[in-house]
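In: Just a sequence and a predicted model for now, questions to come.
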Amino acid sequence: MHIEYDRKLDFKDVLIRPKRSTLNSRSEVDVSRTFRFVHTGTEWTGFPLIAANMDTIGTFSMARALAPFGAMVAVHKHYPADALVEFFRGNLASNAFYTAGSTAEDLDKLAYVKARTPLTKISLDVANGYTETFLEAVARLRDENKDAVIMAGTIVTAEMAEALILAGADIVRVGIGSGSVCTTRDLTGIGYPQLSAVIECADAAHGLKGQVCSDGGCTVPGDIAKAYGGGADFVMLGGMLAGHDECEGEIRHEVRDGHKVPVAMQFYGMSSEVAMKKYYGGVADYRASEGKTVEVPYRGEVKATVQEIIGGVRSSMTYIGARHLKEVPKRTTFVVVGAQRNTVFDR
Ligand code: 5GP
């Protein structure tokens, strides 16, 4: 048995210290970034925010709504193959990841779509990125898709970030147990405080010219600013984008003043019982459900939420004097707060 005594941090454990700057207004900052990907040599420019590949969030309509902001969507894998072909032939494809699972069926579907579209971004998605077979799958995917940007995860430690990039991933997805509808930490005891995971994985990935995507655990725009400050190149969101018109999921209505109005939407983890029943006919015996189902308030169009997120990030950049998003990590000093309660031992 081994204990790590280093303090590890979640978003809530820190604040960003303001710094003197020449920026007077949030309109003076630029939230877009350009990345050159290590294995493909291709470039992408935009606002590096990604809607999670959950069937409620990673929808075609989310892709349409996020495109004007330059943000991305990891399209969920449960659309029929022909619907995916049509989507990835269209002009929203440049800001979208095709989500591939690791089963034979998933790989057949990928081959079908790839044969019919110029897929440029693939996200290989597994709950546990620590298996040997996952590393092999990344290497195989790289071999068979020389021109596609590959995002792979999830993982939370520097040595796996390095291993994934060396195996062929351009972007590593960082986060285990941090998701808002994830129950992995409760059920298994496994996890890693998200901000520290991002900081450590970014350091490792950047050394190999790879990128990291912080996945899960953001609940307010300030968390997204902290993720960028910690070195995240991309930030993936589930819960913060839930409850909007662009999402899939049951809507609950109430009658108010004689009118039926939407008040809440169902949002669930991709390995929750709800998702398992929907796609696999139930939770398999060998694996417990590691996701839960919640109701989130109905919030109308996602546009207003994205504007609020961008407003928060811009304002944060103004406070630290970062004119471009790329400068944010260099200009970030985190102040650790709540030191008494939030030690690694009482999580
Ligand atoms: P959020 O932004 O809601 O905090 O986190 C979204 C992330 O949670 C997703 O991108 C995905 O990595 C993770 N996630 C989604 N569904 C499940 C689930 O059922 N179980 C677990 N362990 N993680 C999930």
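Out: Now that the structure is in, tell me what you want to look at.

In: Those residues of the stretch 1-150 of the chain touching the ligand, which are they?
Out: Contacts of the stretch 1-150 of the chain with the ligand, taken as C-beta under 6 Å from any ligand atom, map to Ala52, Met54, Ala127. Quick note: C-beta positions are derived from backbone N, CA and C, even for glycine.

In: I'd assumed Gly239 was in contact with the second one.
Out: Looking back up the chat, that one is Met54. No - Met54 is beyond contact range of Gly239, at 9.4 Å (criterion: C-beta atoms under 8 Å).

In: Please identify which of those two sits among more neighbours.
Out: Met54 (29 against 21; other C-beta atoms under 10 Å).

In: Quick one: residues contacting Gly153.
Out: Leu124, Asp125, Val126, Gly129, Leu164, Val172, Arg173, Val174, Gly175, Cys213, Asp215 (C-beta atoms under 8 Å, 6 or more residues apart in numbering).

In: no wait, Arg142
Out: His39, Ile150, Ala167, Gly168, Ala169.

In: Could you rerun that using 7 Å?
Out: Contact analysis of Arg142 by C-beta atoms under 7 Å, 6 or more residues apart in numbering lists His39, Ile150, Ala167, Gly168.

In: ok, so what distance separates it from the ligand?
Out: 21 Å (C-beta to the nearest ligand atom, to the nearest Å).

In: Tell me if that residue really is in a helix.
Out: Yes - counting by DSSP: H, G, I helix; E, B strand; the rest coil, one finds Arg142 located in a helix.

In: Provide the secondary structure category for the residue nearest to Leu9 when sequence neighbours are not counted.
Out: In this structure, Leu9 finds its nearest non-sequential neighbour in Leu195, 4.5 Å apart by C-beta to C-beta, 6 or more residues apart in numbering. Following three-state DSSP, we place Leu195 in the helix state.

In: and Leu195, what is it in contact with?
Out: By C-beta under 7 Å, 6+ apart, the contact set of Leu195 is Leu9, Asp10, Phe11, Val14, Lys226, Gly230.

In: tally of neighbours for the second one?
Out: Around Asp10 there are 19 other residues, counting by other C-beta under 10 Å.

In: what sits against it?
Out: Counting by C-beta under 7 Å, 6+ apart, Asp10 has contacts Pro193, Gln194, Leu195, Gly217.

In: Where does the closest residue to Pro221 other than its chain neighbours fall, secondary structure wise?
Out: Distances taken as C-beta to C-beta, 6+ apart put Gly312 closest to Pro221, at 2.7 Å, once the chain neighbours are dropped. Gly312 belongs to helix 302-320 when assigned by DSSP states H and E.
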